[in-house]
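Q: sequence and computational prediction follow.
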Amino acid sequence: MLPNTLFVGQQLYYLPVCESTNSEAQQLLIKNKATEGCTVLTSEQTKGRGQRGNTWEAEPGKNITLSVILSPVFLPVRQQFYLNMAVSLAVLDLLHEYGATAARVKWPNDLYFKDKKLGGILIENSINSHTLQHSIIGIGLNINQLNFDVDTATSLSAITGTTIHLEEVTSRLLELLEKRYLELRNARHAKLKYEYLQALYRYQEVHQFIVDGKRTEGCIVGVDEDGRLGVQLDGELRFFGFKEITYII
Ligand code: BTN
C-alpha cells in the first residue's frame, strides 16, 4: 500500500498485532526512528486506547486502526484544537467520499452516523515551549465490522451495505489526512473552523445534555479558540471542556 502523498504514510510500519498503534508510534519517536508522516498500522490491537482513559475495541482484520506521527511545530499550543479539527475533517471527508454523507463529527472528535459512533480519534501531543513538537494521531474507524457489543456503534459497511477494500480505504484516509494537514500548515484556520462547525453533530439544534450533574436543554453554537464547546443554555452562553458536558443520545 502506497498512498499518493508527499509524506503521510510514506514511512509505513505494519504490525499484524500490537498493543496500541499510538504506543508503538511513541516508541518510534523515542528511538528516533520516525520521520514526519510515519504511520503505524495494525490488524489487531490488544490494548487499544480511547479518549478519557477508555479502551478501544475492534474486530481484528476488519477496521482501520492506525497512528500517524506529525510535527506541527508551526502550531502554538493555544491553537492545538485546529489540529483536532483538521484530523476530524479528514476522516469525515473519507466517510463522505465512501457514501456515508450523513456522517458528522461529535465534538471534540468522534465520528458519528446518525446517533451511532463509527470512529474515534486519539491525539497525543508533545510540547516544546509554546508550540507543538510531535503529535500522534490515532484513528480507529469501523469499516467492515458488522457485529458490535453495543447497539450504539456502526461501521461504514453497515451504513453503505457494501464490503470495503481495507487497504484502499486506508490509503485514501492517509491522502485526505495530508490534504487537511497541509491546510492547517498553510494557516487556513477560518476555513477549517467553518467546515468543522458545518460538520458538527447536533450543531445549532436543541438537545438534552448533562451539565453540573443535571439534565438540561441546550443548543450548540460553536467552539472557542481553546476547543471548548459553546452551548446556549437557558439564555446563557457557556463554554465546556472535555469532561464538563455529556450528550444525551
Ligand atoms: C475514542 O473514541 O475514544 C478514540 C479512539 C481512538 C482509537 C485509535 S485506534 C488506533 C490508535 N491506537 C490506539 O490505541 N488508539 C487509537
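A: On my side now, so go ahead.
Q: can we go C-alpha only for contacts and neighbour counts from here?
A: Fine.
Q: hmm, who's touching the longest strand anywhere in the chain?
A: Using DSSP state E to define each element, the chain has its longest strand at strand 116-128. With contact meaning CA atoms under 8 Å, 6 or more residues apart in numbering, strand 116-128 is reached by 49-51, 77, 84, 88, 109-112, 132-142, 151-156.
Q: flag every buried residue along that strand.
A: Buried residues in strand 116-128, counted by 16 or more other CA atoms under 10 Å: 116-123, 125.
Q: in terms of distance to Tyr181, which of those residues ranks first?
A: Taking CA to CA as the measure, Tyr181 lies nearest Ile123 of the buried residues of strand 116-128, at 13.6 Å.
Q: what residues are bridge-paired with the closest residue to that closest one other than its chain neighbours?
A: The shortest distance from Ile123 to any non-neighbouring residue, by CA to CA, 6 or more residues apart in numbering, is to Ile137 (4.7 Å). Beta bridges link Ile137 to Val68, Ile123 when assigned by DSSP bridges.
Q: what's the mean pLDDT across the longest strand of the chain?
A: The pLDDT scores in strand 116-128 average 96.
Q: centre of the chain versus it, how much separation?
A: Strand 116-128 has its C-alpha centroid displaced from the chain centroid by 5 Å (CA atoms, centre = their mean, to the nearest Å).
Q: right, is it up against the ligand?
A: Yes. Strand 116-128 comes into contact with the ligand (CA under 6 Å from any ligand atom), by way of 120-122.
Q: Leu41: what secondary structure?
A: Put simply, Leu41 is strand when judged by DSSP: H, G, I helix; E, B strand; the rest coil.
Q: Gly61 is in contact with that one, correct?
A: No. Leu41 sits out of contact with Gly61 when judged by CA atoms under 8 Å, with a separation of 11.1 Å.
Q: the two: which is more packed in?
A: Ranked by neighbour count (other CA atoms under 10 Å), Leu41 and Gly61 place Leu41 first, with 28 against 16.
Q: now for the lengthiest helix in the chain, which elements pack on it?
A: Using DSSP state H, we find that the single longest helix of the chain is helix 166-185. Where contact means 3 or more CA pairs under 8 Å, 6 or more residues apart in numbering; DSSP states H and E, helix 166-185 is packed against helix 81-97, helix 189-198.
Q: what residues does this structure have near the ligand?
A: Counting by CA under 6 Å from any ligand atom, the chain comes close to the ligand at 20-22, 48-51, 56, 65-67, 110, 120-122, 138-140.
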